[in-house]
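Participant: starting from these lines, generate the structure:
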Amino acid sequence: MNGDKNESPESCAEERHRSHWTMKSEGRGSRSLKTKALVHHEAQDIDEDDLREMTNGPVSVQEPDENKMNNASDSNRSPRVTSAATNDVGAGGEGSSSHNHVKAEKNDATGTPTNNNNNNNNVKTLSNNAGIKNDIESRSKNLTMDQIKEKLTLIVTELKNMEEYHHGDGMKYQKVIGDMYWDYPAEREDIGNFLADLGYAEITITMLRQMNSLGIFKNDDIWFPTYYTYNTCWNYSDASEKLARYLAETGAVKLMTMNLGHKPYLDNMHSKNVYYVLKASLSTLHNIARCTGVKHHFKDIKTAEVVMPLISANDEFLKSIAMLTLAYIVEEDENAKLIDETDTIKNIVNWIHKALENKQKRRYRGFTPWELTQGLSKLAVNDSNKAKIIEEGALSDFTQMLRHTDPREQSSAAECLWTLAFDKTVRQTIVESPDLVPALEELKNSENSLVKNNVQGALWMIKGENDPAASVSRPNSGNAIKNHIFISYSWAEKEMVKKIHNSLLSEGYKIWVDYEQMGGSTLQAMADAVENAAVVLICMSEKYKQSPNCRTEAEYTFQLRKDYIPLMMQKKYRPDGWLGAILGAKLFFDFTGKYPYEKPLQGLLKELRGRGKTAQIQGNKNPSVDEIDSNIEANHVTGSSSGRKNVLSSPTSNPHNQITQISASCVTMSNEHVEHWLVSKGLQRLTSAFSQIDGQLIWQLKAMRERAPEYFHTSLERQFGMTLIDILRFNAALDSLH
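Facilitator: Here you go, the predicted model:
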């Protein structure tokens with residue numbers, strides 16, 4: 001829903017934003033989905049006359065003091081509000097004296113900042129390259145990418161050299177960068193990436209902090225450059241994931257969160273200027289939240305607690321963006337509160353339905369069905385949300401989206417169905433839904449690789465192909481190698497995976513990794529590869545957990561009882577939910593850069609013990625624990641739905657001894673022993689559901705109960721069909737095992 005370029009973004013309560021969807025097929029299933037989902041919030045292209053009209057006059061609102069935000073609890077604290085005649089509280093703290101405030105330039109009669117004190121109005125010469133205008137403040141719409149980069153380099157250099165950003169040049173330079181977003185739409189991502197490399201993220205945060213210290217609403221000299229800085233930050237954080245990540249690393253999450261939790265702002269939301277700062281801050285946070293490896297920035301300052309109240313706001317834009325942002329940043333232990341108290345799932349499904357009803361624009365409140373479905377998919381990763389999504393009637397909407405001609409709708413609907421289908425009960429509901437499976441069948445050979453991958457993944461789960469028993473009747477791909485190492489990873493970690501891959505190859509290992517071994521159907525090739533693997537490497541990250549493709553590989557590995565070794569790929573990541581439950585207390589090796597690369601590599605090589613080598617040494621395939629070097633630098637995954645204290649990074653000399661001691665009492669139980677054990681505990685009706693469960697898996701269930709209790713109890717109810725009485729008896733039975 002785009003407005004005129006010359007229309008003030010404050011002229012209506014509803015936000016204008018434009019959506020674009022970039023797809024790069026890289027042969028990695030759902031991991032090759034390089035979208036800028038969910039919602040691509042763009043601020044508007046606006047000239048100074050419009051900006052002047054939107055200014056309601058300086059607002060008597062005090063800026064938040066970032067120095068006070070020493071911990072997350074301070075983010076909701078309301079500093080003292082001063083009148084327009086008093087000094088604003090700035091970076092110097094409460095009651096800053098006037099000498100902390102640089103005197104702003106005098107405004108002319110119309111409120112436009114004057115240029116009388118502007119010392120940088122001389123023409124800036126870019127180079128001798130013909131066709132580029134010499135004035136870097138001018139607006140040029142026909143530059144090459146090299147010329148754009150040259151101009152940006154000069155602008156960023158000028159910004160770096162400025163000591164005071166509230167004079168005319170700071171605003172003008174930010175406006176030039178902002179204009180490029182509209183003048184060169186095809187180059188937006190490249191421009192954003194280049195700005196990131198130039199250090200623009202740090203300049204942006206420095207500039208906004210300085211404006212806060214002056215009081216951003218005091219006068220136009222300060223408000224105008226503040227507006228343009230938020231504008232460019234908002235837009236380019238949407239276009240460039242790289243810049244969005246750099247913004248997170250330079251303090252943007254803290255600053256934007258502080259804005260959203262600042263009570264004087266919330267109390268003055270009726271002011272167009274204050275409202276703009278709030279929506280720009282929230283939208284920028286949303287853009288950052290979509291990135292890989294940034295979740296800890298939100299967790300450190302408890303952004304979710306600050307954003308949560310906005311869901312109750314009367315403003316539909318803030319409400320919707322708040323919900324979609326939370327879908328990315330909440331931990332699984334916070335998820336129940338988000339869902340139960342805010343009706344998030346109900347609202348998102350309802351918005352999808354209304355967007356589909358809007359036949360002309362196919363949007364609701366500016367959001368497309370596929371954008372909203374992307375958000376729903378993030379919530380669907382949590383198994384406790386799957387049934388709720390179905391209960392709200394999402395399946396009929398997904399059928400409509402699959403029938404539509406837009407590949408973005410088809411792909412997002414299929415991916416969400418794939419994620420939902422990991423729940424056995426939900427899977428049956430999908431099968432019984434009229435026209436849904438036929439709609440998927442029609443797209444399984446789509447020319448769009450992303451649609452094809454997600455549709456085939458959904459059908460794979462819906463038809464129960466993930467059941468190891470299905471491999472008996474499933475034809476082999478014909479070219480599977482045996483006794484190799486299978487690497488299961490998210491595309492976001494492909495560079496480190498390639499490095500590990502090459503290191504293992506040089507050591508004589510056979511490797512199956514999907515960018516080399518594709519043959520026939522992707523999922524069939526995966527199944528063959530896992531079935532024939534000597535060991536599986538699971539590359540843990542937030543993206544891995546969110547990917548249905550990765551979960552398919554991991555759960556198939558677990559169901560086949562294949563040996564697997566977790567590798568940590570993302571700093572500060574703590575596996576929870578389904579991934580934490582599968583990993584249990586497994587040893588993992590840290591490839592996040594915390595240690596020199598050779599250190600975890602050597603630990604991994606020792607843990608592999610030759611499994612997967614081209615020429616394995618016969619007679620010594622499984623050396624005893626004592627034969628393993630006791631100085632392996634390793635860690636333990638203690639997966640938990642709570643996400644608290646899950647990763648113990650201290651070295652452990654002999655991780656296998658711990659596992660053996662814990663599991664000794666039940667690990668030797670056969671399937672028949674498990675059946676007799678269930679009968680003895682009054683659980684004879686569960687013997688059929690546990691027919692493939694032996695003592696090792698009983699121990700895994702017991703470990704899962706301790707480390708991921710929510711996932712554990714949800715699994716008992718939905719995967720094993722237990723009633724409440726069954727669950728209570730089963731828990732008591734587990735307690736009897738020592």
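
Participant: from Met171, how far off is the residue minimising distance to the centre of the chain?
Facilitator: The residue lying closest to the centre of the chain (C-alpha atoms, centre = their mean) is Arg290, at 4.2 Å. According to C-beta to C-beta, to the nearest Å, Arg290 and Met171 sit 29 Å apart. Any C-beta I mention is one placed from the backbone N, CA and C, and that applies to glycine too.

Participant: buried residues, stretch 705-722. List them.
Facilitator: For stretch 705-722, the neighbour count (16 or more other C-beta atoms under 10 Å) marks 705, 707-708, 710-718, 720, 722 as buried.

Participant: domain ranges for the protein?
Facilitator: For the chain, automatic domain parsing gives the domain ranges 48-82+123-329, 334-464, 480-656, 671-735.

Participant: as a markdown table, those domains with mean pLDDT would be great.
Facilitator: Listed next are these as a markdown table, based on pLDDT from 0 to 100:
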| stretch | mean pLDDT |
| --- | --- |
| domain 48-82+123-329 | 82 |
| domain 334-464 | 92 |
| domain 480-656 | 76 |
| domain 671-735 | 83 |
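
Participant: hang on, the earlier thing: check contacts around the closest residue to the residue nearest to the centre of the chain other than its chain neighbours.
Facilitator: Excluding the flanking residues, the one nearest Arg290 by C-beta to C-beta, 6 or more residues apart in numbering is Tyr328, at 6.3 Å. Going by C-beta atoms under 8 Å, 6 or more residues apart in numbering, Tyr328 touches His286, Ala289, Arg290, Lys295, Lys378.

Participant: what about stretch 362-376, distance to the chain center?
Facilitator: 17 Å (C-alpha atoms, centre = their mean, to the nearest Å).

Participant: repeat for stretch 342-350
Facilitator: With C-alpha atoms, centre = their mean, you get 19 Å for stretch 342-350.

Participant: ditto for stretch 270-282
Facilitator: For stretch 270-282, the distance to the chain centre is 24 Å (C-alpha atoms, centre = their mean).

Participant: would you map the strands across the stretch 601-738 of the chain?
Facilitator: For the stretch 601-738 of the chain, applying DSSP state E, counting those that start in this stretch gives strands covering 635-637, 647-648.

Participant: check the stretch 451-600 of the chain too.
Facilitator: 484-488, 511-512, 533-540, 564-568, 587-590.

Participant: can you lay out those as TSV showing mean neighbour count and distance to Asp183?
Facilitator: Converted to TSV, those look like this (neighbours: other C-beta atoms under 10 Å; distance: least, C-beta to C-beta, whole Å):
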stretch	mean neighbour count	distance to Asp183
strand 484-488	25	43
strand 511-512	20	46
strand 533-540	25	40
strand 564-568	22	43
strand 587-590	22	45
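
Participant: need the ones you listed in a markdown table with distance to Asp238, can you?
Facilitator: Converted to a markdown table, these look like this (distance: least, C-beta to C-beta, whole Å):
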| stretch | distance to Asp238 |
| --- | --- |
| strand 484-488 | 31 |
| strand 511-512 | 37 |
| strand 533-540 | 28 |
| strand 564-568 | 29 |
| strand 587-590 | 32 |
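
Participant: Tyr364 is nearest to which of the ones you listed?
Facilitator: strand 533-540 (36.2 Å; C-beta to C-beta).

Participant: contacts for the closest one?
Facilitator: 483-490, 493, 496-497, 500, 512, 530, 544, 553-554, 557, 562-570, 573, 575, 579, 583, 588, 591, 604, 608, 611-612, 637.

Participant: what's the offset of it from the middle of its chain?
Facilitator: The mean C-alpha position of strand 533-540 is separated from the chain mean by 23 Å, C-alpha atoms, centre = their mean.

Participant: can I get it as PDB, trimmed to CA atoms?
Facilitator: Output of strand 533-540 as PDB, limited to C-alpha atoms (Å, rounded to 0.1, in the frame of the first residue of the first chain):
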ATOM      1  CA  ALA A 533      25.300 -42.500   7.000                       C
ATOM      2  CA  ALA A 534      27.800 -43.600   9.600                       C
ATOM      3  CA  VAL A 535      27.200 -40.400  11.600                       C
ATOM      4  CA  VAL A 536      25.300 -37.200  11.200                       C
ATOM      5  CA  LEU A 537      26.600 -33.700  12.000                       C
ATOM      6  CA  ILE A 538      23.800 -31.400  13.100                       C
ATOM      7  CA  CYS A 539      24.800 -27.700  12.700                       C
ATOM      8  CA  MET A 540      22.800 -25.900  15.400                       C
END
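
Participant: determine the angle, from 0 to 180 degrees, between it and strand 484-488.
Facilitator: Relative orientation of strand 533-540 versus strand 484-488 (axes from the mean of the first three to the mean of the last three C-alpha atoms, to 10 degrees): 20 degrees.

Participant: spatially nearest residue to Glu241 (excluding sequence neighbours)?
Facilitator: Leaving aside its chain neighbours, Glu241 sits nearest to Cys291 (5.2 Å; criterion: C-beta to C-beta, 6+ apart).

Participant: ramachandran angles for the one you found?
Facilitator: Torsion angles at Cys291 (phi, psi; degrees, to the nearest 10) stand at phi -80, psi 160.

Participant: likewise for Ser213?
Facilitator: According to degrees, to the nearest 10, Ser213 has phi -70, psi -30.

Participant: again, but for Val330
Facilitator: Here is the backbone geometry of Val330 (degrees, to the nearest 10): phi -70, psi 140.

Participant: okay, Glu465 and Trp418: tell me how far apart.
Facilitator: 12 Å.

Participant: one more: Leu372?
Facilitator: 17 Å.

Participant: who's more crowded, these two?
Facilitator: Using other C-beta atoms under 10 Å as the criterion, Leu372 and Trp418 rank with Leu372 on top: 31 against 28.

Participant: quick one: secondary structure of that one?
Facilitator: Three-state assignment for Leu372 (DSSP: H, G, I helix; E, B strand; the rest coil): helix.

Participant: isn't it up against Ile352?
Facilitator: Yes - contact criterion C-beta atoms under 8 Å: Leu372 and Ile352 qualify, at 4.8 Å.

Participant: common neighbours of those two, please.
Facilitator: Common neighbours of Leu372 and Ile352 (C-beta under 8 Å, 6+ apart) are Tyr364.

Participant: run a quick neighbour tally on Ser691.
Facilitator: 10.

Participant: do Gln546 as well
Facilitator: Gln546: 21 neighbours (other C-beta under 10 Å).

Participant: which ones are touching it?
Facilitator: With C-beta under 8 Å, 6+ apart, Gln546 has these contacts: Ser377, Lys378, Val381.

Participant: which among those gets closest to His404?
Facilitator: Ser377 (17.2 Å).

Participant: for Leu459, see how far away the closest one is.
Facilitator: 17 Å.
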